[in-house]
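Participant: here is a sequence with its predicted model. Questions after.
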Amino acid sequence: MALEFFRQTADFIADSWISPHSQRPLLAVAGASLTLGLALGAIWSSENSHPSKIIPSPLKSLQSSPSESTAFPLDVLPGARDVATPYGSIRVYEWGPEDGQKVLLVHGISTPCLSLGGLAHALVDRGCRVMIFDLFGRGFSDYPADVPQDHRLFSTQILLALASSPLSWTGASSGQFSLIGFSLGGGIAAAFASYFPNLLSSLTLLAPAGLLRASHIGWQTRLLCAKGWFPEDIVSKLVKGRLKAGPLVSPKKHKDTDKDQTVGVEDALTEGLVASPNQVLSRAYPSLTTAASVNWQVENHPGFVSAFISSIRHGPILQKTELENWKRLGSFLSQRKDEDDDTRIGLSHNKVLIALGETDNVIAKDDTVEDATAALEGNAHFIYFSIGHEFPSVEYDKLANHLIEFWK
């Protein structure tokens, strides 16, 4: 009886959260459900078997039934390969001139790497050798359910992807590579660069996570992040419903004076999935969109929702957990100023390039400029786009031109 009531309560909360027109007292319901969750969490958990350590992506099932892969094709980007690792299989794409400048792109929290497909194609057009991969639990990459999705796991995944290439990306003859990270991928890239700066020729962060102030996190997302407050199956139900619903409202207009602005899952979706009529992420399948890819993951990837939740909880998002990584990187860049140009190793550019959206309600422009400048000890160069969080997947040609100019 109690468990059935708990399930009905979860349905009620999910409906309140997902519906943009709901007038139900969500906060009161959440509080009551929280109390009930604490009492019944152990019982609920005992009803469910523990997840396997590695949750497979839809890859194998689609390989056995290729006709079912039309919603998200296996060859969505060129140069696909699947890399077996102790953490599960990683889907990697690599293409472009073998002697071109090497560029690695890391995508955001809710989409597969297709979201940066337009930028990847644009860089290949400009002579680059590009590598891009699905983060664990996204696209065609497996999900290691027993490992938190923090910067340690993602840094390891980057190294595993690089090691799978037929070309040398990290050896003495490789010439180093440029690293680009978007949103969550920006936080991942900053953390990776702070530990492995000698592998990189440049670092570019696109609307990066990693310095998000805790005061800007919405209460709904805070509840989801607080592991143990709700049984995990209830959290998964809520998040899956919200992800499946997709963006429900138009992006909010940014207010520079709004210091109480908060963000959450709903903001990330609304901002990150906005498309453009001219957007082409996959040249083989030009009609594919980021919103469609998220819906496909919700319906077909059994580890996606859990991976999303784990990234919210443990990923390189909040300033209070990631500031040391940014400071380490800033210290490295400052120390290099005293070195002779001929003896410098790693990050040949003296500054990190940070691109921001003027109307981004996920990564606030003014906050990021202030906090990144301080953490990186002034070793940052900023450029701006007149739209929101979605600019890397919409204005990728303009962004590619900025990157080429910066690298020169």
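Facilitator: Right, received. Where do you want to start? Residues are numbered from 1 along each chain as shown.
Participant: so which residues of the stretch 301-408 of the chain form helices?
Facilitator: 304-314, 319-336, 365-375, 391-394, 396-407 (DSSP state H, counting those that start in this stretch).
Participant: these: which one's closest to Arg242?
Facilitator: Of all the helices of the stretch 301-408 of the chain, helix 304-314 sits nearest to Arg242, with 9.8 Å by CB to CB. From N, CA and C alone the C-beta is placed, and that goes for glycine too.
Participant: for that closest one, packing partners?
Facilitator: When contacts are defined as 3 or more CB pairs under 8 Å, 6 or more residues apart in numbering; DSSP states H and E, helix 304-314 sits against strand 143-144, helix 219-225, helix 232-245, helix 290-300.
Participant: how about 10 Å then?
Facilitator: On a contact count with 3 or more CB pairs under 10 Å, 6 or more residues apart in numbering; DSSP states H and E, helix 304-314 meets strand 54-55, strand 143-144, helix 151-163, helix 184-195, helix 219-225, helix 232-245, helix 265-272, helix 290-300.
Participant: and the helix or strand following the first one, how far from the chain's centre?
Facilitator: This points to strand 54-55. Next helix or strand after strand 54-55 toward the C-terminus (DSSP states H and E): helix 59-64. Relative to the mean C-alpha coordinate of its chain, helix 59-64 is positioned 25 Å out (CA atoms, centre = their mean, to the nearest Å).
Participant: report the buried residues of helix 59-64.
Facilitator: Residues of helix 59-64 classed as buried: Leu59, Leu62 (neighbour count, 16 or more other CB atoms under 10 Å).
Participant: still on that earlier bit, most tightly packed of the helices and strands packed on helix 304-314?
Facilitator: Highest mean neighbour count among the helices and strands packed on helix 304-314 (mean count of other CB atoms under 10 Å): helix 184-195, with a mean of 27.
Participant: what mean pLDDT does that one get?
Facilitator: Mean pLDDT, helix 184-195: 97.
Participant: can I get it in CSV? Just the C-alpha atoms.
Facilitator: Presented in CSV, the C-alpha positions along helix 184-195 are these (Å, rounded to 0.1, in the frame of the first residue of the first chain):
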residue,chain,number,x,y,z
LEU,A,184,29.7,20.1,-19.3
GLY,A,185,32.4,19.4,-21.8
GLY,A,186,34.0,22.7,-21.0
GLY,A,187,34.3,21.7,-17.3
ILE,A,188,35.7,18.4,-18.4
ALA,A,189,38.2,20.1,-20.7
ALA,A,190,39.4,22.6,-18.1
ALA,A,191,40.0,19.8,-15.6
PHE,A,192,41.8,17.7,-18.1
ALA,A,193,44.0,20.7,-19.2
SER,A,194,44.9,21.4,-15.5
TYR,A,195,46.4,17.9,-15.2
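Participant: tell me which other helices or strands that helix touches.
Facilitator: Checking 3+ CB pairs under 10 Å, 6+ apart, helix 184-195 ends up next to strand 102-106, helix 151-163, strand 177-182, strand 200-206, helix 304-314, helix 319-336, strand 352-357, helix 365-375.
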